[in-house]
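Undergrad: take a look and give me a structure for this.
(chains A and B)
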Amino acid sequence: MASSTHTLTIPSSTRFLEDVREFVTMHAEQAGFDEMTVEQLKMAVDEACTNVIEHAYAGESEQPVEIAMILSRDKLTIRIRDKGQKFDEKAYREPDLIEYARTKKSGGFGVHIMRKLMDEVAYRTTGGYNECRMVKYRT
Amino acid sequence: MSNFSVGFRSTGTVQILDLHGELDAHTAAELEAAIQKCQKDNRVHILINGANLMYISSAGLGVFMAYIEEVRDSGGDIKIAALQPKVFNVFDLLGFPMLFDIVDTEEGAVSKFETASAD
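TA: Coordinates of the predicted model:
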């Protein structure tokens, strides 16, 4: 199968997360992923976009978030690009549920979820934008 | 328009919140407002009915995290019931069953509240 790419660009507002999930669901289903995998892909992309909106752009609601789904024979690559603040992967710590409840902390699960649901998650900053690249292999 | 809503019902001392639709970073504030309303009304036996909850992201889970200790400190609890399997999987993924009482049915959760009150 030749590779194909589908892209969606949304403004950096959580209002558009629903559109992102719809976009991911449609193309993942068309690519033949099973229902449970489609749910996982949808959630991983939602979490990645939420992080961009809330952290990279920190409340600026008109900045671009570009989502690309690149389908090839053996895998689906999802690329999310933004021009906001870079994500400091080195400073990231895995969340501790009990500690979170005790301190009334509610965020920070997004990256944890993305890593659990996807086969690969990588970040880089290049050419004036930040990029999160997530891969799911076909089984 | 938001694709999420919260319905309020009560049975005895139990305040039931019926969640409908998709709970994400955009709609999580509505769940937060609903839990705050329960606290304000001193209704701290809170039962979340997830039968019509179609999706939850970490922002939604974060709301439960933010309030569970406070609600328990005031003598109540947040119990979660009737989740669809795909939504339960998300709770499970983050280890929520370790911290929250997740029950198969609404009736089961109500009876757990009643038993606890009778003790």
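
Undergrad: in three-state terms, label the residue in chain B that chain A sits nearest to for me.
TA: When scored by Cβ to the nearest Cβ, chain B has B:Gly62 as its residue closest to chain A, at 3.3 Å. Just so you know, the C-beta spots here come from the backbone N, C-alpha and C atoms, and that holds for glycine as well. The three-state assignment at B:Gly62 reads helix, by DSSP: H, G, I helix; E, B strand; the rest coil.

Undergrad: does it touch B:Ala28 like I think?
TA: Yes: assessed by Cβ atoms under 8 Å, B:Gly62 is found in contact with B:Ala28 at 6.8 Å.

Undergrad: tell me what the longest strand seen in chain B is packed against?
TA: Ranked by number of residues, the top strand in chain B under DSSP state E is strand B:45-56. Judged by 3 or more Cβ pairs under 8 Å, 6 or more residues apart in numbering or on different chains; DSSP states H and E, the packing partners of strand B:45-56 are strand B:14-23, strand B:77-81, helix B:85-93, helix B:106-118.

Undergrad: ok so, going back, more neighbours, B:Gly62 and B:Ala28?
TA: Set B:Gly62 next to B:Ala28 and count neighbours by other Cβ atoms under 10 Å in any protein chain shown: B:Ala28 wins out with 24 against 21.

Undergrad: which stretch of helix or strand covers residue 29?
TA: You didn't pick a chain, so chain A it is. helix A:17-30 (DSSP states H and E).

Undergrad: to clarify, I was referring to chain B.
TA: For B:Ala29, the host element (DSSP H and E) is helix B:28-40.

Undergrad: show me what from chain A comes close to chain B.
TA: A:13-15, A:17-18, A:21, A:35-36, A:39, A:42-43, A:46-47, A:50, A:53-54, A:97-98, A:100-102, A:104-107, A:109-110, A:112-113, A:116-117 (Cβ under 8 Å from any Cβ of the partner chain).

Undergrad: now the buried members of these.
TA: Buried subset of the residues of chain A next to chain B (neighbour count, 16 or more other Cβ atoms under 10 Å in any protein chain shown): A:13-14, A:17-18, A:21, A:39, A:42-43, A:46-47, A:50, A:53-54, A:97, A:100-101, A:106-107, A:109-110, A:112-113, A:117.
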